[in-house]
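> predicted model and sequence below, questions to follow.
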Amino acid sequence: MSGSDGGFANARVSNLRAAEMAEYLDARLNMANYDETTFARSLLLVSELHGMSHIARECGHSSEVMRRQLSGNRPLYLDSVLGAMRALGIRLRIEVG
């Protein structure tokens, strides 16, 4: 396998992971009685699985700060949500229901 093939394979794995994370979060958002705290914890789980240090660095915070913000024990700020999602390679989208 050449170097360019390896890059393509890595991109496919990354895209697959991003698709799985997006599907997980989307399914959680569409659950009955789903709230901010539960979403924050879902995003925390996905961030931990992806690598909290990477997510925190991309958001300009320490890992501890990101964990506190996504723990569900504090208000969830949109900039934290969007920053974490951008670092995960996924987007938040608004649709007509």
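Noted; the coordinates are in hand. Residues are numbered from 1 along each chain as shown.
> got the contact list for H54?
Contacts here follow CB atoms under 8 Å, 6 or more residues apart in numbering; on that basis H54 touches A87. For every residue, glycine as well, the C-beta is placed using N, CA and C.
> state the distance from it to S47.
Relative to S47, H54 is positioned 9 Å away (CB to CB, to the nearest Å).
> same deal with A32?
Shown here: A32 relative to S47, a distance of 24 Å by CB to CB.
> more neighbours, the two?
Between A32 and S47, S47 has the larger neighbour count (other CB atoms under 10 Å), namely 24 against 4.
> returning to what we had before: what sits in contact with each of H54 and S47?
Common neighbours of H54 and S47, counting by CB under 8 Å, 6+ apart, are A87.
> how about the contacts made by the spatially most central residue of the chain?
Relative to the mean C-alpha position of the chain, the nearest C-alpha, by CA atoms, centre = their mean, is the one of M85, at 4.1 Å. Applying CB under 8 Å, 6+ apart to M85 gives the contacts 43, 91-92.
> same thing with S80?
Applying CB under 8 Å, 6+ apart, the residues contacting S80 are 59, 66, 69-70.
> now do E58
Contacts of E58 (CB under 8 Å, 6+ apart): 83-84, 86-87.
> quickly note the distance from it to L49.
Going from E58 to L49 by CB to CB gives 15 Å.
> next: E36.
Distance of E36 to L49, given as CB to CB: 21 Å.
> try V65
The gap separating V65 from L49 is 19 Å, by CB to CB.
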